[in-house]
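In: Structure, please.
(chains A and B)
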Amino acid sequence: MDRTSINIELPSNDSLKLLAPQKEKAGIVNPMKYISQNIAISKQEKSIYKEKFVPAGQTTQLIVGATPETDLKIMKLSESLYNNLNLKRVYYSAYVSVNNDENLPTLEAPPLLRENRLYQADWLLRFYGFKINDLLDENHPNFHTLLDPKCDWALRHLENFPVEINKADYNTLLKVPGIGVISAKRIITARREFNLNFENLRKLGIVLKRARYFITCDGKYFDPIKSFNQNFISENLLFLERISTPSSNYVQTSLFDTFPRTQELSYNFDKLLPTKEDKHKCLTGML
Amino acid sequence: MFNWNVINKTYVYDGTFEGLLTIAFDCYIKKVIPLRIVSKSNLEINFLDTIVEISKDEVKAKRIFDGIVKNISYSTLYNSYYAFLSDSMGKEIHILKYILNGFMIGPKINTMLSLDFVFAVFSMRKRMLGESHRFKRFT
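Out: Predicted coordinates for the structure are as follows:
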């Protein structure tokens, strides 16, 4: 046996009662505890037994979107799983509505963006030294739709920035949006001999799309005119994210459509994009 | 640091690692760096280049091989060999610069990632090792 996975399926006791009444919280958590204890024991008695108990560790899985839990609640659950039961990973899967039932919500599309944000936050918990209370709180129980969790955190904690690339330690570098484990390690090796500037960072393969707003190189900010302030950064980051999202509602037309599908695809970020009337106003100068 | 003459010549070698080390030996003696290094199989002849053919010399290659381990570091030898196994364009000139600079600077060359040839060698090595790892699933 390589690894075991006991699936939690639903993130809280109430939703378990609602959607899976045959399952109980104790019936899921107790076997998980048993496995984590046995893993710890077999680590201790490595010299006695040749075979490790569950060598690849323990995982679990959650369904996101079927019940009204917030991201904060889900992430708190997985944080406690990581801390108390030493899980290797928690998998999140977006809910796809197949059956019609009064207890189940009917969703047009599975919440894939939310799943992605949860995975991003999961990595922040495991490898970047974040705690979930830093990322989310009662006032912001869900992740930002346009910005990734780390960017969102950085914009709310601008007192920690800008970070000086040539002096900051590893843990501080990890908290800069756009700099990951590999980039931080590379910076630390490369700066032993030379002071780094933005050109060097680009050559080292570090993505500066988001990072450049939060760092200084030898005390210099990337933009000589604009200085480090919140409005400038958040405007630019949101603008950059908007560029990478589809800029119009073009849809492949079909022969069998009776009605033209123009407004059918409505994303959340559509409100942010300039509409046709906005563009017209820009040209005529009526604001 | 390193400012040897760049000469407008194309060095041709036989495509082996020893051949490349022989070129490194000759460049180290003459204090020059060629504009391009091409293996014999990839050579495209045009009338602008001055082609210098350098044949493999095991004695010279052995001296450079031992010198790398003695004066630079063991990992430098490994890095340059793994980078050599990759199939990217212009790998030879990066490896040559990496080795020759290594003789000038010493083991610190491995941390100077902001020099472009060092970073090129490191990324070639990484890509080559990743590719070879992906082949292991079929064995």
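
In: What parts of the stretch 101-250 of chain A come near chain B?
Out: For the stretch 101-250 of chain A, the contact set with chain B under C-beta under 8 Å from any C-beta of the partner chain comprises A:186, A:189-190, A:192-194, A:196, A:200, A:203-205. In this view, the C-beta of every residue, glycine as well, is placed from N, C-alpha and C.

In: May I see the ChimeraX selection of the buried members of those?
Out: Buried residues within those, by 16 or more other C-beta atoms under 10 Å in any protein chain shown, are selected in ChimeraX with:
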select /A:186,189,190,196,200,203,204
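
In: buried set for stretch A:163-173?
Out: Neighbour-count burial for stretch A:163-173 flags A:163, A:165, A:168, A:173 (criterion: 16+ other C-beta under 10 Å).

In: likewise stretch B:52-70?
Out: B:54, B:56-57, B:60-61, B:63-65, B:67-68.

In: contacting residues around residue 43?
Out: Because you didn't say which chain, this covers chain A. A:Lys52 (C-beta atoms under 8 Å, 6 or more residues apart in numbering or on different chains).

In: Chain B is the one I meant
Out: B:12, B:51.

In: Do I have it right that A:Arg89 meets A:Thr59?
Out: Yes - under the criterion of C-beta atoms under 8 Å, A:Arg89 makes contact with A:Thr59 at 4.9 Å.

In: Count the neighbours of B:Thr139 for me.
Out: 4 (other C-beta atoms under 10 Å in any protein chain shown).

In: actually A:Ala40, sorry about that
Out: 12.

In: So which bits of the helix or strand harbouring A:Tyr34 are buried?
Out: If you go by DSSP states H and E, A:Tyr34 is part of helix A:25-44. By neighbour count on 16+ other C-beta under 10 Å, the buried set for helix A:25-44 is A:28, A:32, A:35-36, A:39, A:42.

In: For that helix, what is the distance to the chain centroid?
Out: 28 Å (C-alpha atoms, centre = their mean, to the nearest Å).

In: how about the residue of chain B found nearest chain A, what does it touch?
Out: Using C-beta to the nearest C-beta, the closest approach of chain B to chain A is made by B:Leu113 at 3.8 Å. Counting by C-beta under 8 Å, 6+ apart, B:Leu113 makes contact with A:186, A:189-190, A:204, B:119, B:122.

In: Of all the helix elements in chain B, which one is longest?
Out: Using DSSP state H, we find that the single longest helix of chain B is helix B:116-135.

In: So which other helices or strands are in contact with it?
Out: If you count contacts as 3 or more C-beta pairs under 8 Å, 6 or more residues apart in numbering or on different chains; DSSP states H and E, helix B:116-135 packs onto helix B:74-85, helix B:91-105.
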